[in-house]
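Q: Predicted model and sequence follow; I will ask about them next.
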Amino acid sequence: MLMEQATAVRKEWSAVCDSVIHEKPRFIKRTRDKMWFSSLETMTQILEAYHFTAVKYMEEDGSVTLSLNEIDLVENGADEQEARMKLAKSILDYSLEYYNEYETYSHSPNRKPHIPYIFKALIIDDLETIGEMLQCQDGKN
């Protein structure tokens, strides 16, 4: 395959980094471990296929509740914009927690599917952008 040995990569570290940023990702093998080395721009393009979607519920008191489909997160706000910002904060907070506990969370069967969404949120790292990109669908109370 396209695997390069880690020892060769280590010897040419600066050149490898430059090629990953300016040319293409690299596949690296160290003993039995296999890795992918890419720029954040490439990772952003890969994660473009993943979207944050939520079900929107209009509450009796006029507030709005958003329930994220991809991760079990729910937030309520006085209006949709407030609910979006709260949900965006929850997404980013959860993503940071997940990353900090990656060894545990990424091996948990119910949390493993969250991985692309976690990295998407961490790369974006902006509450307003995450809130604006939420795709909301009307739900039934």
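A: Yep, that arrived.

Q: if I look at the residue nearest to residue 73 when sequence neighbours are not counted, how far off is residue 37?
A: Residue nearest to residue 73 in three dimensions, not counting chain neighbours: residue 90, with 4.7 Å by Cβ to Cβ, 6 or more residues apart in numbering. Placement of C-beta: from N, CA and C, glycine included. Plainly put, residue 90 is 31 Å away from residue 37 if you go by Cβ to Cβ, to the nearest Å.

Q: so residue 133 sits right up against residue 54, yeah?
A: No - using Cβ atoms under 8 Å, residue 133 is not in contact with residue 54; the gap is 10.8 Å.

Q: quick one: which of those two has more around it?
A: The neighbour comparison of residue 133 against residue 54 (other Cβ atoms under 10 Å) goes to residue 54, with 23 against 15.

Q: what bridges to the more buried one?
A: Beta-bridge pairing for residue 54 (DSSP bridges): residue 68, residue 136.

Q: Double-check it against residue 65; I have them as touching.
A: No - applying Cβ under 8 Å as the test, residue 54 and residue 65 come out as separate, 9.3 Å apart.

Q: Give me the neighbour count for residue 9.
A: Look at residue 9: counted by other Cβ under 10 Å, it has 18 neighbours.

Q: likewise residue 69?
A: Neighbour tally, residue 69, other Cβ under 10 Å: 13.

Q: So for it, what's the pLDDT?
A: pLDDT recorded at residue 69 is 97.
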